[in-house]
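S.K.: dropping a prediction and its sequence here:
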Amino acid sequence: LRAFDAAKSGARLGISILVALCTALLKKPLRGGLIIVGEINLGGSIEPIHNSVTIAEIAVEKGATALLMPISCRRQLFDLSDDMATKIDIQFYSDARDALLKAIQE
C-alpha cells in the first residue's frame with residue numbers, strides 16, 4: 001500500500017486505499033458522502049494525523065456528510081468550531097478492520 005503513494009501526492013490515504021480494495025473484493029458499497037483518512041504502516045499500525053481540524057473543515061467544504069478518522073485524532077477535534085461539528089458526522093476507527101466495518105454501507 002505504501003508503494004501506491006511513493007510520490008506523496010495523496011499522503012495519508014493508505015486506509016482509504018485498503019478499504020476501497022476490500023470493498024471491491026467483497027462487492028459491498030461504501031456509505032455515500034464518506035471521507036476516509038489515515039495511514040497504515042507495514043506492521044499494520046495506524047499512524048497519527050496532525051491536522052485533524054483542517055481535514056474536517058475541508059470535508060465540510062467539499063460536501064461530505066461523514067468523516068472516518070483514526071481514534072488518535074479525537075483530542076485534536078476539540079478545537080473544531082461548533083458550527084463545523086454540527087455539519088459532519090465524525091467517526092473514529094482503531095484499526096483497519098474497524099475502518100472497513102464502519103465504511104461499508106449498512
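M.R.: Ah, there it is.
S.K.: could you use CA atoms for every contact and neighbour count after this?
M.R.: OK.
S.K.: now the helices for the chain?
M.R.: 14-26, 52-61, 82-87, 96-103 (DSSP state H).
S.K.: which residues touch Asp98?
M.R.: Contacts for Asp98 (Cα atoms under 8 Å, 6 or more residues apart in numbering) come out as none.
S.K.: how much space separates it from Ile104?
M.R.: Per Cα to Cα, to the nearest Å, Asp98 is found 10 Å from Ile104.
S.K.: could you do Lys27 as well?
M.R.: 10 Å.
S.K.: in this protein, where is pLDDT below threshold?
M.R.: When residues are selected by pLDDT under 70, those of the chain lie in 1-12.
S.K.: leaving out chain neighbours, which residue sits closest to Gln105?
M.R.: Of all residues not flanking Gln105 in the chain, Arg31 sits nearest, at 4.4 Å (Cα to Cα, 6 or more residues apart in numbering).
S.K.: again with Ile90
M.R.: Ile90 sits nearest to Leu67 (Cα to Cα, 6+ apart), 4.8 Å away.
S.K.: show me what the one you found is bridged to.
M.R.: Ile35, Ile90 (DSSP bridges).
S.K.: that one touches Ala56, doesn't it?
M.R.: Yes: counting by Cα atoms under 8 Å, Leu67 does reach Ala56; the two are 7.2 Å apart.
S.K.: more neighbours: which of the two?
M.R.: Applying other Cα atoms under 10 Å to Leu67 and Ala56 shows that Ala56 carries more neighbours, namely 25 against 20.
S.K.: how much space separates the more buried one from Lys28?
M.R.: In this view, Ala56 and Lys28 are 26 Å apart by Cα to Cα.
S.K.: same deal with Leu80?
M.R.: 32 Å.
S.K.: try Phe92
M.R.: From Phe92 to Lys28 the distance is 20 Å (Cα to Cα).
S.K.: who has more neighbours out of those two?
M.R.: Between Phe92 and Lys28, Phe92 has the larger neighbour count (other Cα under 10 Å), namely 17 against 14.
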